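In: kindly generate the corresponding structure for this input.
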Amino acid sequence: MRILITNNTLDGRAGSELYVRDLAIALMKRGHQPIAYSTQLGEVAEELRRATIPVISDLHALSTPPDIIHGQHHLDAVTAMLHFPLVPALYICHGWLPWEEHPPVLPGIRRYVAVDDLCRERLATTSGIDPESIEVLYNFADMQRFQLRAPLPAAPRSALVFSNYANGEASIAPIRNACLRAGIEQVDIIGSGMGKAAAEPAQLLGQYDLVFAKARAAIEAMASGCAVIVADQVGLASMVDTQNVAALRNLNFGVRTMQRERLTEEAVFREIQRYGADDARQVSLWIRQEADMERTVDRWQDIYSEVLSEAEGILPLEHLHAQLRAGADYLRWLSPIIKGRQHFEVETRAYVEQLEAARLQMEEQLTQQAQALQHHQETSARQTLALQQHDEQYARQVEALRSHEERSASQALMLQRHEEQSADHVAALQQYEDQLAEQAHAFQRCQEKSARQTFALQQSEQYSTHLEDELRLQTDKLHQLQGQLAAVHRSRSWRMLGSYRRLMQWLGRS
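Out: Coordinates of the predicted model:
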């Protein structure tokens, strides 16, 4: 089956561009012949070409009509449908807000497909679209590319802002601040708005525990096993859990879900507190089952077959006339926009000319101001040089004064030390005099004591002389008594007395 897929651009890596890439490659692998068409080619177009998918920017390059037109974005889709007016077509709506997503109404469009319930509302509220022709085919991810990471930690340690709409540090400040409050120090950004588009996000997502994303990016992060908070510059939805994942998927984790509240630090911090590793794992397993690209491609093949079957039996001429009239209606709807754009371009050109004149005038004023500034700078330079010389002279004077002050301070210090030494000497002299006075007083007491001892010695000598005299007198008396006793012992009476004592002793024993 030859399938012509249109898109507004095939340049940057955004949602619908990647949808075309993944769907075209999947169809090619199943034996179909997809061709991608856009008037603006780039990075994604090169990826498709490397995958052997034909990419064209001019429908005249397609000499053989396709079997079916898979239209995305009305300008390119209607261009293809009018170029091949007899080829049956379908149209898929990817967004509620973008002007490029406006649903065209042509009889060749047999089926309208929405990627979520909100896009279905846009189709259902477009005049001329039969509600029976509308089908919802929810967004998907390539589960072969986005592999499931290892189980999450009990508390998140790293976070990623995965968005093309983050365009400065201020735009993610609420997220970064809330992460820091929650103890998550690693907060990285992937997205074209920050100049950090990732060619292979499948290789990066598994490195993070918590991802802030919306729409397709949120699905890819969940498929990789990350906990996901649906958030973007539009606002904040919530942490995706097993209780709300189905409802959020019905709205493609997109703009309507983020109407819940503003993106503030406090709101983001509250959602981070709802992190649960086990619940996030269950969400990942559910999304890998429900959003598997292979299931979506199966349904696309069925839709293509149904559209081709419905187109059988339609008279070519009648269909051609109806298709051309519808094309005219489309151009009539588009005409005011283009004319308004032309008027806008005329006004813009006039405004640009005014800006150019103002720029030239401003440049002349700036030149004059530059010359005046240069003169002022030269004058300032001379004054600065004079001031510098004055400063140098003043510095020398200050240095001399400082040296004098240092010498004076040194002399004062020496004088203070001399006075302290003199005071020490006076104190030592006073102490020496006190010691001499004490020694003199002690010497006087010693002399008085010596006099008393001398007097006592004299008295002792006199008493000793007296004792010696007495001793000599007694000695003489003793010698006399000894003489007398010797005389007694030699006398007859003493000898008789001895005989008498012996007789008495004998008588006493008898």
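In: and Asp58, what are its phi and psi?
Out: Backbone torsions of Asp58, given as degrees, to the nearest 10, read phi -130, psi 120.
In: domains for this structure, by residue range?
Out: 2-140+293-314, 158-290 (automatic domain parsing).
In: how about the ones you listed in JSON lines, adding mean neighbour count?
Out: C-beta coordinates here come from the backbone N, C-alpha and C atoms, glycine included. Formatted as JSON lines, the domains of the chain follow (neighbours: other Cβ atoms under 10 Å):
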{"stretch": "domain 2-140+293-314", "mean neighbour count": "19"}
{"stretch": "domain 158-290", "mean neighbour count": "20"}
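In: measure stretch 124-137 end to end?
Out: Start-to-end span of stretch 124-137 (Cα to Cα, to the nearest Å) is 15 Å.
In: about what we covered before: among the domains of the chain, which comes closest to Arg501?
Out: domain 158-290 (135.3 Å; Cβ to Cβ).
In: so how far is that closest one from its chain's centroid?
Out: Domain 158-290 sits 17 Å away from the centroid of its parent chain (Cα atoms, centre = their mean, to the nearest Å).
In: and Asp278, how far from Ala217?
Out: Asp278 is 23 Å from Ala217, where distance means Cβ to Cβ, to the nearest Å.
In: Cys446 now?
Out: Cys446 is 114 Å from Ala217, by Cβ to Cβ.
In: ok, Arg281 next?
Out: Counting by Cβ to Cβ, the gap from Arg281 to Ala217 is 19 Å.
In: centroid-nearest residue for this protein?
Out: Most central in the chain under Cα atoms, centre = their mean is Glu185, positioned 4.0 Å from the mean C-alpha point.
In: dump the residue contacts of that one.
Out: Contact analysis of Glu185 by Cβ atoms under 8 Å, 6 or more residues apart in numbering lists Arg157, Cys179.
In: apply 6 Å and report the result again.
Out: Counting by Cβ atoms under 6 Å, 6 or more residues apart in numbering, Glu185 makes contact with nothing.
In: then Ala277?
Out: Contacts of Ala277 (Cβ under 6 Å, 6+ apart): Leu152, Ala154.
In: give me that answer again for 10 Å
Out: By Cβ atoms under 10 Å, 6 or more residues apart in numbering, Ala277 lies in contact with Pro151, Leu152, Pro153, Ala154, Ala155, Pro156, Asp209, Ala227.
In: which of the residues you listed tops the neighbour count?
Out: Most neighbours among these, by other Cβ atoms under 10 Å: Ala227, with 26 neighbours.
In: surely it touches Asp209?
Out: Yes - using Cβ atoms under 10 Å, Ala227 makes contact with Asp209 at a distance of 6.4 Å.
In: any shared contact partners between those two?
Out: With Cβ under 10 Å, 6+ apart as the test, Ala227 and Asp209 both reach Leu152, Pro156, Ala159, Tyr275, Ala277, Ala280.
In: pLDDT weak spots in the stretch 201-350 of the chain?
Out: Counting by pLDDT under 70, the ranges of the stretch 201-350 of the chain that qualify are 313-322, 324-335, 337-350.
In: the strands in it, which residues?
Out: With DSSP state E, counting those that start in this stretch as the criterion, the stretch 201-350 of the chain has strands at 210-213, 227-232, 235-239.
In: mind giving me the packing neighbours of the shortest one?
Out: For strand 210-213, the packing partners by 3 or more Cβ pairs under 10 Å, 6 or more residues apart in numbering; DSSP states H and E come out as strand 158-162, helix 173-181, strand 186-190, helix 215-223, strand 227-232, helix 265-272.
In: do the same with the last one
Out: Counting contacts by 3+ Cβ pairs under 10 Å, 6+ apart, strand 235-239 packs against strand 227-232, helix 265-272, helix 277-290.
In: what does the longest one give?
Out: Using 3+ Cβ pairs under 10 Å, 6+ apart as the contact criterion, the secondary-structure elements in contact with strand 227-232 are strand 158-162, helix 173-181, strand 210-213, helix 215-223, strand 235-239, helix 245-250, helix 265-272, helix 277-290.
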